[in-house]
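Q: generate a structure from the sequence data that follows.
(one chain, ligands or ions: 1)
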Amino acid sequence: MSVKYIEDESKFVLETQNSLYVLQILYDKFPVHLYYGSKDDLSGLAYVNPYKSFSPYFEQYGINYSPDVGMAEYSYFGSGDFRVTPLRIKNKNGDSVTHFTYKAYRIFDGRCDLQGLPFAAADGNTQTLELILKDSVSGCEIGLYYTVFEKEDVISRYVRVTNNSDSPVKIEKLMSLMLDLPSCEYDMISLYGAHNAERNFQRVPLFHGVQSVMSRRGASSHQYNPFIAICDKKTTERQGDVYGFNFVYSGDFLDEVDVDQTGNTRIQIGLGSENFTWLLESGQSFMSPEAVMTYSSCGLGGMSSNFHRFVREHILPPEPFERRPVVLNTWEACYFNIDEREMLRFAKSAADAGIDMLVMDDGWFGARNNDKAGLGDWYVNRDKFKNGLKSFVDSVKAYGIKFGIWIEPEMVNPDSDLYRAHPDWCIRCAGRESTLSRNQLVLDMSNPKVLEYLKDSFAKSFDGVGIDYFKWDMNRHMSEVGSPALAPERQGETAYRYMLGVYDLYRWFNEHFPNAMIENCSGGGGRYDLGMMKYCTQIWTSDNTWPKKRMKIQYSSTLAYPPCVMSCHVSNPHNVCENPDELKYRWHVALNGPLGYEMHLPNASEIIKDTVKEQVKKYREYEHLILRGEFHRILSPFDSNYYAYYFTNAEHTEFLLSFEQSYGESPVKLTLSMPEAEVGTRYTDTVSGDEYSGRMLADGITIKTKEKDPYSVMWHFVRND
Ligand code: DGJ
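A: Prediction:
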């Protein structure tokens, strides 16, 4: 049982393999937070009320309880809690004050379905605690949900609002998770960036006041990732307390951290509220997206491995193929200059190199000869593919490889047949000019007619064609957010309804093309989030394939997400790199996730072709570790010019260790240790043939860096039996 109720103390205990979460119902009314952390002796655990002058209280309880101080489970705008609060509902009287008190609880196996949203799948161990609270003036009820994923040390949180009054109310803010911690001696880790430079690592001490990361772009974005962590100041990769948080949603989000007057820290994760309101009619319910949290006492590495296991077991779709395809993608080599003849040259060169799949990127449809036209017209361009898509795909497959294709369903160019026929199918505000980005507008995915059109067009173009893989791109953010299909009082629902439409289309793709996989992309890693991971086997990590930058992006991505989703390509688009050593370096950097190539392979020299062939073959020896192994970081490229990490299998009989240097400097000695190696046994490095004792690997092998670039080393240790 991972959820228990201790009746005589009105306490609920949520237990995972290595963590405990305890809450209590105080005075039969107020759900207060008592504890989240390791499995310590918790006898005597009690609510602390750090009352301060000026803090409001209720006459019946005096200063023993104030909504303004102490640790709560969830809070509400306007009734005495002056910190950031997760819920604001405007009632029929026109004010936005609520005050919810405890009504009932329920513990059940499994979890709730989230009405059209992505959410973590339950397994046989999953249990959920539901707390029902009510507010008598607005007539609303809320359900607070805690779903416990015992083995992965993850607890997920979501909230249902039900309007039991006889008039509509407006939800103005609804966060999925609130957590109060009894200290502020923490650092906060967040990932910031830009297109081509996603997920930079930032670790800063918490300060008094509110610190936040968010997106108001209609996408989780390149600029901030929904993942954050709060950790002790001394926490390292392997040691120390850390709380990790994430959000299973791909649109606007808000992560808020508020250090209050008593030195407590409040963390909130949920929907961004600047582009969100929801009109809740009498008798209706609204369910928030899901937020997840994990606790580890084993440092950032412990947090990451909890999240990696959680994403693999409960978020990602089933693998569609027996083995993940190594792809040859045409974008960097061809841009829009594609046609059947050229693509078949690519297909042949892919097959010759042992690559599993050709991915034909942008430029195959409508009048798409550059990025100014064609988006929305999802039919093959007959000038480029005279006999149509099916005949071309058959010819690709005749080489014995799979075929993938690029799409950008959510977008439209004003210069397209679709836009000319339906200018009102875009996100836009009445009477206002819409701004362009990459010459395109955003389709109104909240409009069922748009979804119907897209499903119809994709079915017409792709049914029976044998497509194995879709690269689903999304290349602009939302501005002038409004929907011509929604009434004025519902305009604030546009961005959220847009995401529901996007998820609906993703589900349709998963169901309509059950034998195909989806690679998610938003100009690279602009929607690198748990919502997208529900439907997509992997994500194009970044448009930046330059190894020195890529290793940073990859390092940070592994904090919250498993390497098996992190699509990594060796890039050499115009065969400028003729040096096999440089290509080896790029390949080493790419071995952090599922492998692919961005290069003009048909035009490459024989030596490069042979190198690629050898690399693909070698990757096959390691892919079980890269896609399914445990992952451990050793050196951060944000701390020095080096990135080092290793993969190992569950039995620790195999280790794939990687060291990459980003810029050469005076040689230094570094030690790379793999504490899981079995002391008392011996391992052979299959790369060099050298033998090492388990003790040496556990204590660390010492290497000397080089002054010259490019420099990287890889070892593949296999235990001698
Ligand atoms: C942005 C993607 O990130 C690229 O890989 C490529 O697919 C282009 N879009 C195509 O327009």
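Q: the residue in the stretch 51-200 of the chain positioned nearest to the ligand and Gly523: what is the separation?
A: The ligand sits closest to His195 of the stretch 51-200 of the chain, with a gap of 8.7 Å, by Cβ to the nearest ligand atom. For the C-beta atoms, the positions are set from N, CA and C on the backbone; glycine is no exception. Distance from His195 to Gly523, counting by Cβ to Cβ, to the nearest Å: 5 Å.
Q: between those two, which one's more packed in?
A: More neighbours surround Gly523 than the other of His195 and Gly523, with 20 against 17 (other Cβ atoms under 10 Å).
Q: what about Asn125, neighbour count?
A: Neighbours around Asn125, by other Cβ under 10 Å: 14.
Q: and the stretch 301-450 of the chain, which residues reach the ligand?
A: Residues of the stretch 301-450 of the chain lying close to the ligand (Cβ under 6 Å from any ligand atom) are Trp331, Asp361, Asp362, Trp406.
Q: name every strand pairing with the single longest strand found in the chain and say which way it goes.
A: As assigned by DSSP state E, the longest strand anywhere in the chain is strand 169-181. When pairing is defined by DSSP bridges, strand 169-181 lines up against strand 87-90 (antiparallel), strand 265-271 (antiparallel), strand 278-280 (antiparallel).
Q: for Ser2, which of the ones you listed is the nearest?
A: Nearest to Ser2 among these is strand 265-271 (21.2 Å), distances taken as Cβ to Cβ.
Q: gap between the closest one and the chain center?
A: 17 Å (Cα atoms, centre = their mean, to the nearest Å).
Q: still on that earlier bit, after the longest strand of the chain, which helix or strand is next?
A: Next along the chain after strand 169-181, taking DSSP states H and E as the criterion, comes strand 186-194.
Q: and the next helix or strand after that following strand, what's buried?
A: For strand 186-194, the following helix or strand on the C-terminal side (DSSP H and E) is strand 197-205. The neighbour-count check on strand 197-205 (16 or more other Cβ atoms under 10 Å) flags Ala197, Glu198, Arg199, Asn200, Phe201, Gln202 as buried.
Q: elements contacting strand 197-205?
A: Using 3 or more Cβ pairs under 8 Å, 6 or more residues apart in numbering; DSSP states H and E, the elements in contact with strand 197-205 are strand 186-194, helix 547-560.
Q: partner strands of that strand and their direction?
A: strand 186-194 (antiparallel).
Q: next, the buried residues of the strand it pairs with.
A: Tyr186, Asp187, Met188, Ile189, Ser190, Leu191, Tyr192, Gly193.
Q: ok, residues contacting stretch 547-554?
A: 193, 196-201, 525, 541-542, 544, 566, 568, 585-586, 589-590, 592-593, 637-638, 643, 660, 662-663, 710 (Cβ atoms under 8 Å, 6 or more residues apart in numbering).
Q: return the members of those residues classed as buried.
A: Counted by 16+ other Cβ under 10 Å, the contacts of stretch 547-554 give 193, 196-201, 525, 541-542, 544, 566, 568, 585-586, 589-590, 592-593, 637, 643, 660, 662, 710 as buried.
Q: so who does whichever residue of the stretch 351-500 of the chain sits closest to the ligand touch?
A: Per Cβ to the nearest ligand atom, Asp362 is where the stretch 351-500 of the chain lies closest to the ligand, at 3.6 Å. The contact partners of Asp362, by Cβ under 8 Å, 6+ apart, come to Trp331, Tyr335, Phe336, Arg368, Asp371, Trp406, Glu408, Asp473.
Q: rewinding a little: any chance of the helices and strands packed on strand 197-205 in CSV, plus mean pLDDT?
A: Converted to CSV, the helices and strands packed on strand 197-205 look like this (pLDDT from 0 to 100):
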stretch, mean pLDDT
strand 186-194, 98
helix 547-560, 97
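Q: export the ones you listed to JSON lines and tack on distance to Gly270?
A: What follows is the helices and strands packed on strand 197-205, written out as JSON lines (distance: least, Cβ to Cβ, whole Å):
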{"stretch": "strand 186-194", "distance to Gly270": "16"}
{"stretch": "helix 547-560", "distance to Gly270": "17"}
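Q: mean confidence for stretch 431-450?
A: Across stretch 431-450, pLDDT averages out at 98.
Q: moving C-terminal from the biggest helix by length in the chain, which element do we reach first?
A: In the chain, assigned by DSSP state H, the helix with the most residues is helix 606-628. Per DSSP H and E, the first helix or strand lying C-terminal to helix 606-628 is strand 630-635.
Q: so which other helices or strands are in contact with whichever helix or strand comes after that following strand?
A: For strand 630-635, the following helix or strand on the C-terminal side (DSSP H and E) is strand 642-648. Packing contacts for strand 642-648, counted by 3+ Cβ pairs under 8 Å, 6+ apart, involve helix 547-560, helix 606-628, strand 630-635, strand 654-661, strand 669-672.
Q: and the ones you listed as CSV, adding distance to the ligand?
A: Below are the helices and strands packed on strand 642-648 laid out as CSV (distance: least, Cβ to the nearest ligand atom, whole Å):
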stretch, distance to the ligand
helix 547-560, 13
helix 606-628, 19
strand 630-635, 24
strand 654-661, 23
strand 669-672, 33
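Q: before we move on, the earlier item: between the helices and strands packed on strand 197-205, which gets nearest to Ala421?
A: Of these, nearest to Ala421 by Cβ to Cβ is strand 186-194, at 35.1 Å.
Q: for that closest one, the distance to its chain's centre please.
A: Distance, centroid of strand 186-194 to centroid of chain: 15 Å (Cα atoms, centre = their mean).
Q: give me the contact list for it.
A: Residues outside strand 186-194 that contact it (Cβ under 8 Å, 6+ apart): 198-206, 211, 213, 222-225, 227-233, 235, 255, 257, 265, 300, 553, 556, 559-560.
Q: again, only this time at 7 Å
A: Contacts with strand 186-194, where a contact means Cβ atoms under 7 Å, 6 or more residues apart in numbering, come from 199-206, 211, 213, 222-225, 227-233, 257, 265, 556.
Q: equivalent analysis for stretch 156-172, please.
A: With Cβ under 7 Å, 6+ apart as the criterion, stretch 156-172 contacts 88-92, 96, 114, 120, 138-147, 174, 176-177, 273, 277-292.
Q: swap the cut-off to 6 Å and go again
A: By Cβ atoms under 6 Å, 6 or more residues apart in numbering, the surrounding residues in contact with stretch 156-172 are 88-92, 120, 138-145, 147, 176-177, 277-282, 284-288, 290-292.
Q: and if you look at stretch 423-442?
A: In contact with stretch 423-442 (Cβ under 6 Å, 6+ apart) are residues 371-372, 375, 411-413, 443-444, 450, 475-476, 478-480, 482, 484.
Q: I'd guessed Ser138 sits against Lys90; true?
A: No: if you go by Cβ atoms under 6 Å, Ser138 and Lys90 don't touch, sitting 8.6 Å apart.
Q: from Tyr35, how far off is Val204?
A: For Val204 relative to Tyr35 (Cβ to Cβ), the value is 26 Å.
Q: er, Val137 actually
A: 32 Å.
Q: the more surrounded of those two?
A: Ranked by neighbour count (other Cβ under 10 Å), Val137 and Tyr35 place Tyr35 first, with 19 against 14.
Q: and stretch 409-426, end to end?
A: 12 Å (Cα to Cα, to the nearest Å).
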